[in-house]
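S.K.: no sequence for this one, just the structure:
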DNA sequence: ATTTCATGTAACTTTTATAGTTACATGAAA
DNA sequence: TTTCATGTAACTATAAAAGTTACATGAAAT
């Protein structure tokens, strides 16, 4: 399984942006995340389409949050990123003729659905504000943050 | 994410083997699964090391189940295959210096652990015999099985 | 107006995990 | 001693995610 770290990256970005007064450029975010500005733009583009962030071009342009972190859950972010697969296990054949394989698929699907539903419910219960206060509880200075 | 279908394949194989009296060769299983014998051997090798199947070389050799399906759960099979990652979401950085990213990782981990635990518990509750009876309930002839 | 800065986006390359293939060694039965 | 089947290493193919390059678009500053 080649894994997906977009949600992790998006949460990290959004929490950093919450500390900023001015719009932040993709370049600045990219160097803090040790990646390329285009990676940031692609990811943020998805969030913008779902009303989570806004962008502005030109001088003093960049990205800003479009709502308070209290009104944003991990589920919102996950869905804004496209809501891709949560589990790394898949069926070997999608619509098999073999009845045995059909039963295997159905049985696995049942378990998968439950696990995915639990994870999504947990995501829905976690606001970015809750995450932020968890951070502020641990540290009261701006030290130990990304460059 | 490039996904992992080994569990799906293993279950399909084991359930077909349950219908066989004689040892089945990797070649036969491979053509039923539309894949290569070596793929079958690699997967079955893992199961053999965990006492789920046995192998015999030479004439009339092949693979046989080493215990009844009632004593085999999906969890057993999953673990015998190496117990790889269940979720496709990962952290962007494994041990980040940034406190924000640490908090993101910890928060995600909490949700991930719960979802994985649920899935494993569901796997532990499902025996291959239960899966088999689910199949026999649907069909009483050997039709609609793999070639 | 025109220069500068920043996003928007398409096309391409790199990386990495899974799956599939080839080739050959090992060992058991006929 | 031949045949059949597993055991395994090394290699190739496929696909998804991430990163990169190049350039178009548009807004602000001069």
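M.R.: Structure received. Please read these numbers as outputs of a predicted model, since none were measured by experiment. Residues are numbered from 1 along each chain as shown, chains lettered A, B, ... in the order given.
S.K.: near DNA strand C, anything from the longest helix belonging to chain A?
M.R.: For chain A, the helix with the greatest residue count under DSSP state H is helix A:99-125. No: Helix A:99-125 lies out of reach of DNA strand C by Cβ under 7 Å from any atom of the strand, never closer than 13.3 Å. For glycine as for every other residue, the C-beta is placed from the backbone atoms N, C-alpha and C.
S.K.: which strands or helices does that helix pack on?
M.R.: With contacts taken as 3 or more Cβ pairs under 8 Å, 6 or more residues apart in numbering or on different chains; DSSP states H and E, helix A:99-125 sits against helix A:74-80, helix B:6-18, helix B:74-80, helix B:99-125, helix B:128-138.
S.K.: who in chain A is up against DNA strand C?
M.R.: Counting by Cβ under 7 Å from any atom of the strand, chain A sits next to DNA strand C at A:1-3, A:24-27, A:37-38, A:41-42, A:44-45, A:48, A:55-63, A:88, A:92.
S.K.: buried ones among these?
M.R.: Listed as buried from the residues of chain A next to DNA strand C are A:1, A:24, A:25, A:26, A:41, A:44, A:48, A:55, A:62, A:63, A:88, A:92; burial here means 16 or more other Cβ atoms under 10 Å in any protein chain shown.
S.K.: in strands, which of these fall?
M.R.: A:55, A:62, A:63 (DSSP state E).
S.K.: what's around the closest residue to the second one other than its chain neighbours, how many residues?
M.R.: The shortest distance from residue A:62 to any residue that is not its chain neighbour, by Cβ to Cβ, 6 or more residues apart in numbering or on different chains, is 3.3 Å, and that residue is residue A:23. Other residues within reach of residue A:23, judged by other Cβ atoms under 10 Å in any protein chain shown, total 16.
S.K.: surely residue A:23 touches residue A:59?
M.R.: No: assessed by Cβ atoms under 8 Å, residue A:23 is found out of contact with residue A:59, at 10.4 Å.
S.K.: I'd say residue A:127 and residue A:75 touch.
M.R.: No: Residue A:127 is beyond contact range of residue A:75, at 9.7 Å (criterion: Cβ under 8 Å).
S.K.: returning to what we had before: just put the ones in strands among the buried ones among the residues of chain A next to DNA strand C in a markdown table and tack on pLDDT and distance to residue B:113.
M.R.: Below are those laid out as a markdown table (pLDDT from 0 to 100; distance: Cβ to Cβ, whole Å):
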| residue | pLDDT | distance to residue B:113 |
| --- | --- | --- |
| A:55 | 97 | 35 |
| A:62 | 96 | 36 |
| A:63 | 98 | 32 |
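S.K.: mind putting the residues you listed into a markdown table with distance to residue B:81?
M.R.: Formatted as a markdown table, those follow (distance: Cβ to Cβ, whole Å):
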| residue | distance to residue B:81 |
| --- | --- |
| A:55 | 45 |
| A:62 | 47 |
| A:63 | 43 |
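S.K.: residues from chain A in reach of DNA strand D?
M.R.: A:2-6, A:9, A:34-39, A:56-61, A:84-85.
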